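J.: Test case, fold it:
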Amino acid sequence: DDAILGDARTESENFSASLPNYLVQQVTSRYFSPAFPAQWRVLDVVTAELAYVNGTEDYRDFRINGEPIHRPIESTGSWSTGEFGSTLEDVMSPATNASFRRRGEDTLAGRPAIVFDYAVTQPNSHWTMMSPDGRRYTPAYDGAVWIDLATRRVLRIEQRTAAMPRDFPVSRAESILEYGFARIEGKTFLLPAKGETNGCVSGSGACTRNVIEFRNYRKFAAESTDRKSTRLNSSH
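T.: Residues are numbered from 1 along each chain as shown. Coordinates of the predicted model:
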């Protein structure tokens with residue numbers, strides 16, 4: 001198990017360095033349930049262009065139901081970022097010091113995988129929750145990873161918050177991210193394929209759900225790098 005996890009950490013550390021600069025469309029279908037058990041109602045569909053440039057992820061061209069928006073996406077409702085290399089690298093990083101326990105074996109997307117449950121303590125967590133009123137909290141969390149038996153690449157990550165402060169507006173949150181193979185400029189890379197995030201409001205049964213798809217991976221055009229980089233930097 002230690003050897004498998006060591007190989008997976010190495011692959012995760014090399015993940016960003018192995019990727020080209022690229023663009024991909026992120027499509028997020030947002031849902032809301034006013035009570036538990038959940039009865040999901042469709043709210044809207046958010047699309048955005050996600051640029052991966054020199055190891056940095058940046059979003060732009062946000063649209064809701066096809067219409068451009070000109071205010072921060074966080075002000076429109078539930079939203080999450082960091083579905084790419086940052087999530088993978090953080091969970092597997094020695095600095096996070098997650099404790100792993102082997103659950104067993106599984107098959108994901110037709111590939112044999114080894115499943116490990118894990119837990120991250122609050123002092124080592126980098127998973128930040130932001131409430132509608134702007135408050136932030138970095139909770140302890142646990143989850144599971146699916147590691148490809150042959151390549152030692154992570155194929156799926158699940159994470160869910162542990163105990164949250166009673167006075168924090170978010171009572172719990174969950175996240176799932178699955179990776180798949182995509183071709184960019186004739187080469188195949190293991191990249192995020194789909195994901196899901198869920199969050200619930202403290203003191204009520206109200207919850208939100210975001211179902212995420214990544215579409216149309218393509219190379220970041222060199223001839224437009226300067227212009228696009230200016231736009232990307234302005235978003236920070």
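J.: low-confidence ranges in the protein?
T.: Residue ranges of the chain with pLDDT under 70: 81-85, 222-236.
J.: Tell me where it has strands.
T.: 22-33, 41-53, 56-64, 67-68, 99-108, 111-120, 129-130, 136-137, 141-148, 154-161, 170-184, 187-201, 207-219 (DSSP state E).
J.: for these, which one sits closest to Ser93?
T.: strand 111-120 (10.1 Å; CB to CB). (Each C-beta comes from the backbone N, C-alpha and C, glycine too.)
J.: now for the strands of the chain, which one comes closest to Asp1?
T.: When these are compared by CB to CB, strand 99-108 sits nearest Asp1, at 5.1 Å.
J.: if we can go back for a sec, would you mind giving the strands of the chain as JSON lines with distance to Asp2 and mean neighbour count added?
T.: Formatted as JSON lines, the strands of the chain follow (distance: least, CB to CB, whole Å; neighbours: other CB atoms under 10 Å):
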{"stretch": "strand 22-33", "distance to Asp2": "34", "mean neighbour count": "18"}
{"stretch": "strand 41-53", "distance to Asp2": "31", "mean neighbour count": "17"}
{"stretch": "strand 56-64", "distance to Asp2": "31", "mean neighbour count": "16"}
{"stretch": "strand 67-68", "distance to Asp2": "50", "mean neighbour count": "8"}
{"stretch": "strand 99-108", "distance to Asp2": "9", "mean neighbour count": "13"}
{"stretch": "strand 111-120", "distance to Asp2": "11", "mean neighbour count": "18"}
{"stretch": "strand 129-130", "distance to Asp2": "32", "mean neighbour count": "16"}
{"stretch": "strand 136-137", "distance to Asp2": "32", "mean neighbour count": "13"}
{"stretch": "strand 141-148", "distance to Asp2": "13", "mean neighbour count": "22"}
{"stretch": "strand 154-161", "distance to Asp2": "16", "mean neighbour count": "22"}
{"stretch": "strand 170-184", "distance to Asp2": "23", "mean neighbour count": "19"}
{"stretch": "strand 187-201", "distance to Asp2": "23", "mean neighbour count": "18"}
{"stretch": "strand 207-219", "distance to Asp2": "32", "mean neighbour count": "18"}
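J.: export those to TSV and tack on distance to Glu89?
T.: What follows is these, written out as TSV (distance: least, CB to CB, whole Å):
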stretch	distance to Glu89
strand 22-33	17
strand 41-53	13
strand 56-64	11
strand 67-68	32
strand 99-108	16
strand 111-120	13
strand 129-130	19
strand 136-137	21
strand 141-148	12
strand 154-161	10
strand 170-184	12
strand 187-201	13
strand 207-219	17
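J.: right, and those - which one's nearest Ser78?
T.: Across the strands of the chain, closest to Ser78 is strand 207-219 (CB to CB), at 3.9 Å.
J.: How far off centre is that closest one?
T.: Distance, stretch centre to chain centre, for strand 207-219: 9 Å (CA atoms, centre = their mean, to the nearest Å).
J.: ok so, going back, wait, which of the strands of the chain is closest to Leu88?
T.: Proximity to Leu88 (CB to CB) singles out strand 154-161 among the strands of the chain, at 5.7 Å.
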